[in-house]
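In: I'd like to go over a predicted model; first the sequence, then the structure.
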Protein chains: 2
Amino acid sequence: MKRDVAPRKRLGRQDWTAAALVALGEGGLRAVAIEPLAVRLGATKGSAYHHFPNRDALVVATLERWAAEHTEAVISAVRDEPDPLRRLRLLITKVITEDEDASIELAVLAAGDDPLVAPVLRRVTERRVDYIAEIVGELGFSPAKARRRALVAYSTYLGHAQLVRMSPGVLPETLAAQRVYLDEMVEVLSTGLDG
Amino acid sequence: MKRDVAPRKRLGRQDWTAAALVALGEGGLRAVAIEPLAVRLGATKGSAYHHFPNRDALVVATLERWAAEHTEAVISAVRDEPDPLRRLRLLITKVITEDEDASIELAVLAAGDDPLVAPVLRRVTERRVDYIAEIVGELGFSPAKARRRALVAYSTYLGHAQLVRMSPGVLPETLAAQRVYLDEMVEVLSTGLDG
DNA sequence: CGGTTTCCATACGCCACCGTATGGTTCTGA
DNA sequence: TCAGAACCATACGGTGGCGTATGGAAACCG
């Protein structure tokens, strides 16, 4: 008579990190907690503490998975474009427009000073800035200048993400206005990079 | 014979919000908790719950105080400069360089999706963007374009703050390099605004 | 098919913080 | 000067999460 409400599958590490990613996107880092996740998964803490020694390990594994899955994804999505300037503009546009898993990224950024998040985030940041600088370098600028421009561009991206999160109201409302805005942003950021 | 170790002053709302601001800068929003603050102040919770109905009220009062003290401060610090373009550049430079109370600002930004923080932060953001747009408008641009440029500039500021917080390592190390970097950033952001 | 490993449920103690109740102390002004 | 208000200490109960112990079920394997 003990019917299983949900088909009681057995759980693995991946199930936990997957659920943790969802929770992370919805409620930030503090929502990545063992007991609520257990409820969400229809399991108990016993499962979690089998796969992970403690909560920190779960958080780290989750962040590591996020970094692996999303950092390279964006980069390899524009690698086909041969022209550096167009590639840069494509990258910026893509990354600004894309709001697919933005919530997770925003949550990670928001928790940037957490000792568990900091190292992962630092790695991802360096990787991204390096990549942008590489593109700018292809345009014929010195490594130093290329890096400076990359930093400005990446800062703008970060700030835009922050704005989207904290007060979308200040941003242009209509889709048309958004297009104009983003075009202008790309233009400003790529000033002087072409002829 | 009962010598007071610390001169046991009586506490007011201001003492609590002041301590809360310090805690906010040091440990983020979650550090703004009644019991730790009571310890820090050499008092007990009884005091806090006399001045504030609950923890949320303390947080709100603290944020309100921050908004009042720091939003207008920066703006009025550059109001004297008559030339709009120079005023804009002064503003950006000032705000990027200044790391006085940056920790509090960063903590507020990091907690931007907290329901207590969101409305305050939204107000502050609108106010700042409006002010930047106003300056750009003085340069002869249409309100729409001025606002777009203001948004780009403010996004860059936000992102830069984020970078400072999460991985200062990616930013230029030496003071000289920092100067060059900031100059270039100001130049990029004010591209096309002058002749 | 019996043993071993993997997986998970139950139950427990712990800690940090919230909020309340209650009574004591200090201040203030008629 | 003393009554009431303002202020604060102590003690308590509640909540939500962490981590551990222990035993039992499920899967795997010889």
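Out: The structure has been received and is ready for your questions. Everything numeric in this text was worked out from a predicted model, so none of it was measured.

In: Low-confidence stretches in chain A?
Out: Along chain A, the model assigns pLDDT under 70 to residues A:1-8, A:99-100, A:195.

In: the strands in it, which residues?
Out: Applying DSSP state E to chain A gives no strands.

In: Can you report how many residues lie near the residue lying closest to A:G28 once chain neighbours are set aside?
Out: Nearest residue to A:G28, sequence neighbours excluded (CB to CB, 6 or more residues apart in numbering or on different chains): A:A107, at 4.8 Å. Yep, even glycine has a C-beta here, placed from its N, CA and C like the rest. A count of nearby residues for A:A107, using other CB atoms under 10 Å in any protein chain shown, gives 24.

In: What are the neighbouring residues in contact with A:A107?
Out: Contact analysis of A:A107 by CB atoms under 8 Å, 6 or more residues apart in numbering or on different chains lists A:24-25, A:28-29.

In: likewise A:S167?
Out: For A:S167, the contact set (CB under 8 Å, 6+ apart) comprises B:118, B:121-122, B:125-126.

In: and if we set it to 10 Å?
Out: If you count contacts by CB atoms under 10 Å, 6 or more residues apart in numbering or on different chains, A:S167 has them with B:112, B:118-119, B:121-126, B:129.

In: isn't A:S142 right up against B:V180?
Out: No. A:S142 is not in contact with B:V180 according to CB atoms under 10 Å; the separation is 11.6 Å.

In: Neighbour count for the two, which is higher?
Out: Neighbours per residue, other CB under 10 Å: of A:S142 and B:V180, the larger number sits with B:V180, 14 against 10.

In: need the contact list for the more buried one.
Out: Listed by CB under 10 Å, 6+ apart, the contact set of B:V180 reads A:144-145, A:148, B:172, B:174.

In: Could you report the distance from it to A:R147?
Out: Taking CB to CB, to the nearest Å as the measure, B:V180 falls 11 Å from A:R147.

In: A:P82 now?
Out: For A:P82, the distance to A:R147 equals 22 Å [CB to CB].

In: between the two, who's got more neighbours?
Out: A:R147 (23 against 7).

In: For that one, which non-adjacent residue is spatially closest?
Out: Among residues not flanking A:R147 along the chain, A:A133 sits closest, at 4.5 Å (CB to CB, 6+ apart).

In: Return the residues in contact with A:A18.
Out: Shown in contact with A:A18 (CB under 10 Å, 6+ apart): A:12, A:41, A:62, A:65.

In: Quickly name whichever of those residues is closest to B:S76.
Out: A:T62 (44.4 Å; CB to CB).

In: Correct me if wrong: that closest one contacts A:A33.
Out: No. Taking contacts as CB under 10 Å, A:T62 lies outside contact range of A:A33: 11.7 Å.

In: Looking at the two, which has the bigger crowd around it?
Out: A direct count of neighbours by other CB under 10 Å for A:T62 and A:A33 places A:T62 higher, at 25 against 16.

In: From A:V32, how far out is the more buried one?
Out: Distance of A:T62 to A:V32, given as CB to CB: 6 Å.

In: Now the common contact residues for the two.
Out: Taking CB under 10 Å, 6+ apart as the contact rule, A:T62 and A:V32 both touch A:16-17, A:19-21, A:23-24, A:116.

In: For those residues, work out which two are farthest apart.
Out: Farthest-apart pair in those is A:A19 and A:L116; separation 17.4 Å (CB to CB).

In: which residues touch the nearest residue to A:R123 once chain neighbours are set aside?
Out: Here the nearest residue to A:R123 in space, its sequence neighbours aside, is A:A67; by CB to CB, 6+ apart that works out to 6.8 Å. Contact analysis of A:A67 by CB under 10 Å, 6+ apart lists A:108, A:120-121, A:123-124, A:127.

In: Which of those are buried, as a PyMOL select command?
Out: With 16 or more other CB atoms under 10 Å in any protein chain shown as the criterion, this PyMOL line picks the buried residues out of the contacts of A:A67:
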select buried, chain A and resi 108+120+121+124
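
In: thinking again about what came up before, distance to DNA strand C added to the contacts of A:S167, as JSON lines?
Out: Output for the contacts of A:S167, formatted as JSON lines (distance: CB to the nearest atom of the strand, whole Å):
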{"residue": "B:G112", "distance to DNA strand C": "19"}
{"residue": "B:A118", "distance to DNA strand C": "18"}
{"residue": "B:P119", "distance to DNA strand C": "18"}
{"residue": "B:L121", "distance to DNA strand C": "20"}
{"residue": "B:R122", "distance to DNA strand C": "23"}
{"residue": "B:R123", "distance to DNA strand C": "24"}
{"residue": "B:V124", "distance to DNA strand C": "23"}
{"residue": "B:T125", "distance to DNA strand C": "26"}
{"residue": "B:E126", "distance to DNA strand C": "29"}
{"residue": "B:V129", "distance to DNA strand C": "32"}
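
In: And these, which of them are buried?
Out: For the contacts of A:S167, buried by 16+ other CB under 10 Å: B:112, B:121-122, B:124-125, B:129.

In: Among those residues, which ones are in helices?
Out: Using DSSP state H, the members of the buried ones among the contacts of A:S167 that fall in helices are B:121-122, B:124-125, B:129.

In: Out of the contacts of A:A18, give me the two with the largest separation.
Out: Across those, the two members that end up farthest from each other (CB to CB) are A:L41 and A:R65, 16.1 Å apart.

In: contacting residues for the nearest residue to A:V60 once chain neighbours are set aside?
Out: Spatial nearest neighbour of A:V60, chain neighbours left out: A:L116 (5.9 Å); criterion: CB to CB, 6+ apart. Residues in contact with A:L116, defined by CB under 10 Å, 6+ apart, are A:29, A:32, A:55-60, A:62-63.
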